[in-house]
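> next one to model:
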Amino acid sequence: MNNNDLLLRLRYALDIKDSDIIKAFQLGGMDVSREEEKAMLTRVRNQEVEDNDEFEKNMYVKMINNKVLDTFLNGFIIIKRGEQKNKPTQSVQPKSTEIRHINNILLKKVKIALALTSDDMLDILAAAEVYPSKGELGAILRKEGHRNFKPCGDKYARNFLKGLALCYRD
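Sure thing, here's the model as predicted:
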């Protein structure tokens with residue numbers, strides 16, 4: 001699963017409007033036009049791949065990298081929770097480290113934005129028929145570099161977004 005798939009599934013699960021996606025990017029520190037936002041969410045159909053029935057990652061008109069998705073998630077937190085009054089310079093500080101485990105960051109930041117507890121996240125995953133222990137979930141939510149950190153796989157992130165859609169799109 002690529003970052004465009006994650007953004008598209010999150011948009012569907014939480015019924016995020018196009019204007020809110022653009023606003024989240026702006027609050028995260030990146031200006032995105034309506035055309036760029038549409039390009040991020042529009043799949044490219046490759047006729048050769050469809051004819052051969054081969055599986056290939058979804059391609060989009062405008063592919064986004066981990067940093068762009070992280071920018072969106074930061075803005076999404078601000079939309080849902082508001083600006084932090086104690087740390088106004090936090091969003092201005094550039095991150096010099098490369099983002100390697102975007103699925104972990106997605107789960108953490110959606111948890112923050114929606115003010116979910118670990119039990120809420122376990123319920124969301126249970127809705128998608130995935131039953132991790134609290135310890136497994138805690139390992140996924142830990143900071144990279146911690147001795148108990150566990151990378152979150154695509155299947156786990158996909159099931160979380162599926163459960164989110166089942167719980168929030170009633």
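
> C-alpha from now on. contacts and neighbour counts both.
Will do.

> now do the helices in the protein.
3-14, 18-28, 34-41, 47-52, 66-81, 102-113, 118-127, 134-141, 154-168 (DSSP state H).

> and A113, how close does it get to L137?
Plainly put, A113 is 17 Å away from L137 if you go by C-alpha to C-alpha, to the nearest Å.

> do the same with I16
Per C-alpha to C-alpha, I16 is found 25 Å from L137.

> between these two, who's got more neighbours?
More crowded of I16 and L137, by other C-alpha atoms under 10 Å: L137, with 19 against 13.

> for this structure, name the helix or strand with the lowest mean pLDDT.
When each helix and strand of the chain is scored by mean pLDDT, DSSP states H and E, helix 47-52 comes last, with a mean of 52.

> turn the helices of the chain into JSON lines, columns for distance to R147.
Formatted as JSON lines, those follow (distance: least, C-alpha to C-alpha, whole Å):
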{"stretch": "helix 3-14", "distance to R147": "26"}
{"stretch": "helix 18-28", "distance to R147": "30"}
{"stretch": "helix 34-41", "distance to R147": "35"}
{"stretch": "helix 47-52", "distance to R147": "42"}
{"stretch": "helix 66-81", "distance to R147": "23"}
{"stretch": "helix 102-113", "distance to R147": "15"}
{"stretch": "helix 118-127", "distance to R147": "20"}
{"stretch": "helix 134-141", "distance to R147": "9"}
{"stretch": "helix 154-168", "distance to R147": "20"}
